[in-house]
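Enquirer: the amino acid sequence is not available; the structure is as follows:
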């Protein structure tokens, strides 16, 4: 995967007007060792970045991030910004990934994206997958 560098969500204009996958996250204080590679997320996944929400856009990553920043996207993103401000919420993106990869992330990282409303509201499918 070829992730972009990490940007503050308020810098959504740095995202492309193209389809792709994006992850919104917060700082976690973790810094990888030199040469350490996450086998699932790729070698250029950013340090100090806790993934909280994965999303897709079939037309414009930039417009989806703008919606999140303005409070019209995911409710957990909106609540975080209202409570903590927008200085400590970031995003990365990959415009080369197919948009179907969002489901792969959600299935592969069962506890990895706590702000994904789909997972919370659909309820028991996580338990089902975990018990397979």
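Expert: Sure thing, it's come through. Remember, predicted model here, so these are calculated numbers, not experimental data.
Enquirer: low pLDDT regions in this structure?
Expert: Applying pLDDT under 70 to the chain flags residues 32-43, 97-112, 117-132.
Enquirer: all strands of it, in order?
Expert: In the chain, the strands defined using DSSP state E lie at 7-8, 20-26, 50-57, 90-94.
Enquirer: what are the pairing partners of the longest one, and which direction each?
Expert: As defined by DSSP bridges, the strand partners of strand 50-57 come to strand 20-26 (antiparallel).
Enquirer: same question, the first one
Expert: Under the criterion DSSP bridges, strand 7-8 sits next to strand 90-94 (antiparallel) in its sheet.
Enquirer: quick check, residue 21 in contact with residue 51.
Expert: No. In this structure residue 21 lies outside contact range of residue 51 using C-beta atoms under 8 Å: 11.4 Å. In short, each C-beta sits where N, CA and C put it, glycine included.
Enquirer: those two: who's more crowded?
Expert: residue 21 (24 against 21; other C-beta atoms under 10 Å).
Enquirer: now do residue 23 against residue 9, distance only.
Expert: 11 Å (C-beta to C-beta, to the nearest Å).
Enquirer: relative to residue 84, which of the strands of the chain is closest?
Expert: Checking the strands of the chain against residue 84 by C-beta to C-beta gives strand 20-26 as the closest, at 8.4 Å.
Enquirer: check what contacts the closest one and list those residues.
Expert: Residues outside strand 20-26 that contact it (C-beta atoms under 8 Å, 6 or more residues apart in numbering): 9, 15, 49-57, 61, 64-65, 68, 74, 77, 80, 88-97, 99, 101-102, 105, 113, 115.
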